[in-house]
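Student: My questions concern the predicted model and sequence given below.
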Amino acid sequence: MKSLFSFLAAAWLMVLGGPVAAQDLTFRGCTDVSGRAVPSRLDVESPYLVTTQMHRSGPEIVYNPRALPDVTDAVRAFLYAHECARHSLGIARDVPAVDTAQRADCEGLASLQRSGMLAAPGDVLALQSSLVFSPAQWARVPGPARGFDLTHCPTRRAAAPSDPAWNRCVHRCGDRLFHCGRSDSCMAAYNSCQTACSR
């Protein structure tokens, strides 16, 4: 879920950017329980707001913000974070059940809280009050149909403000690792590079 922060930053821009920005935003940054990337794809023809499609190459999250134009951007971000959480929790292939859906709800909420998207007092309650769907809407969002009690999820604080210089340094280290590969020598070089980045 660490790389979900890139999605959350983009989602926050979506919230600030208004309805037009929400129409064409493609999210990315989800990982599965083993840390492998789970790609996301915008598909404005999909009848689902967000769903997972299984392919031979692995799962893919398909997202269509136009599927439910009447929901808020915060609801869209939450439901995407929920679907992403199903992968990071290792339950994406399970038959959806209320208890596992609620675990993914809490993990998705935690991601939004860590990102700072739901940092103000009352944000969680406002989101929860927006999570009311008709039977027709439930057919377009990750199920099963259930009530939401996000106040029972553990509260997560937003990440501490970052240091841009440290971020750039670690990003350069990551770029080198990406081009080098995942061999032991590449990982050792990455660890050495990251350690040299002063905080």
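Tutor: The structure has been received and is ready for your questions.

Student: What about the closest residue to residue 91 other than its chain neighbours, how many residues nearby?
Tutor: Counting by C-beta to C-beta, 6 or more residues apart in numbering, residue 91 lies nearest to residue 100, which is 4.9 Å off, once chain neighbours are set aside. C-beta coordinates here come from the backbone N, C-alpha and C atoms, glycine included. For residue 100, the number of neighbouring residues by other C-beta atoms under 10 Å comes to 16.

Student: cool, residue 47 as well?
Tutor: Neighbourhood size, residue 47 [other C-beta under 10 Å]: 10.

Student: Surely it touches residue 136?
Tutor: No. Between residue 47 and residue 136 there is no contact under C-beta atoms under 8 Å: 10.7 Å.

Student: picking that back up, specify the local secondary structure of the residue nearest to residue 91.
Tutor: Secondary structure, DSSP: H, G, I helix; E, B strand; the rest coil: residue 100 is helix.

Student: And residue 53, by the same measure?
Tutor: Criterion first, three-state DSSP; result for residue 53: strand.

Student: Spatially nearest residue to the most centrally placed residue in the chain (excluding sequence neighbours)?
Tutor: When C-alpha atoms, centre = their mean is applied to the chain, the residue found nearest the centroid is residue 81 (3.7 Å). Distances taken as C-beta to C-beta, 6+ apart put residue 108 closest to residue 81, at 3.4 Å, once the chain neighbours are dropped.

Student: if I've got this straight, the one you found is in a helix?
Tutor: Yes. Assignment of residue 108 by three-state DSSP places it within a helix.

Student: what about it, neighbour count?
Tutor: Counted with other C-beta under 10 Å, residues neighbouring residue 108 total 27.

Student: swap in the one 4 residues further on?
Tutor: Neighbourhood size, residue 112 [other C-beta under 10 Å]: 27.

Student: and it, what does it touch?
Tutor: 8, 77-78, 81, 118 (C-beta atoms under 8 Å, 6 or more residues apart in numbering).

Student: among those, which two are most distant?
Tutor: 8 and 78 (10.9 Å; C-beta to C-beta).

Student: Next secondary structure after the helix or strand containing residue 172?
Tutor: Using DSSP states H and E, residue 172 falls within helix 164-180. Note on helix 164-180: by DSSP H and E, the next helix or strand toward the C-terminus is helix 184-196.
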